[in-house]
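Visitor: Fold the stuff below for me.
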Amino acid sequence: MDGIDADDILNVYGYSAAQTLVQILKQCGDDLTRDNVMRQTANLNDLEMPTLLPGIRINTSPTEFYPIEQVQFMRFDGKTWVRFGELMTR
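Guide: Numbers count the residues shown, from 1 in each chain. Below is the predicted model:
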């Protein structure tokens, strides 16, 4: 994300959405039909993004479209946010 303000959440969201689309298109191969794009969108497995916390992955399936189901608690130590505890999955 060189040259982009990483503190602007809209930049981070846009970058993440674009990188997810890149993965979907890679999974599509040469079959760029709507049906295949939708099928690949519903079959993302352990996709890691540089904008997500370490260990948090994107997963979808034909019956579960919510892509992120993990959270990490953080607390502000007066200077920065510090992670604590284990990743939790819904």
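Visitor: how about the longest helix anywhere in the chain: buried residues?
Guide: Longest helix in the chain, counting residues (DSSP state H): helix 9-28. Using 16 or more other C-beta atoms under 10 Å as the test for burial, helix 9-28 gives Val12, Tyr15, Ser16, Thr20, Gln23, Ile24, Gln27. Quick note: C-beta positions are derived from backbone N, CA and C, even for glycine.
Visitor: does the first one really touch Ala18, like I thought?
Guide: Just to be clear, that refers to Val12. No - with contacts counted by C-beta atoms under 8 Å, Val12 stays clear of Ala18, the gap being 11.0 Å.
Visitor: before we move on, back to that, need the buried residues of helix 9-28 in TSV with distance to Met49 and pLDDT, can you?
Guide: Formatted as TSV, these follow (distance: C-beta to C-beta, whole Å; pLDDT from 0 to 100):
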residue	distance to Met49	pLDDT
Val12	10	90
Tyr15	9	92
Ser16	5	93
Thr20	7	97
Gln23	9	98
Ile24	13	98
Gln27	15	98
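Visitor: can you tell me which of these lies nearest to Gln40?
Guide: For the buried residues of helix 9-28, the residue nearest Gln40 by C-beta to C-beta is Gln27; the value is 4.1 Å.
Visitor: And that closest one, how close does it get to Asp8?
Guide: Between Gln27 and Asp8 the distance, using C-beta to C-beta, to the nearest Å, works out to 29 Å.
Visitor: that older thread, closest one to Tyr66 out of the buried residues of helix 9-28, please.
Guide: Scanning the buried residues of helix 9-28 for proximity to Tyr66, where the rule is C-beta to C-beta, the winner is Thr20, at 13.4 Å.
Visitor: isn't the closest one right up against Pro50?
Guide: No - assessed by C-beta under 8 Å, Thr20 is found out of contact with Pro50, at 11.9 Å.
Visitor: show me the contacts for the closest residue to Ser16 other than its chain neighbours.
Guide: Nearest in space to Ser16, with sequence neighbours left out and distances taken as C-beta to C-beta, 6 or more residues apart in numbering, is Thr51 at 4.7 Å. Contacts for Thr51 (C-beta atoms under 8 Å, 6 or more residues apart in numbering) come out as Met1, Val12, Tyr15, Ser16, Gln19.
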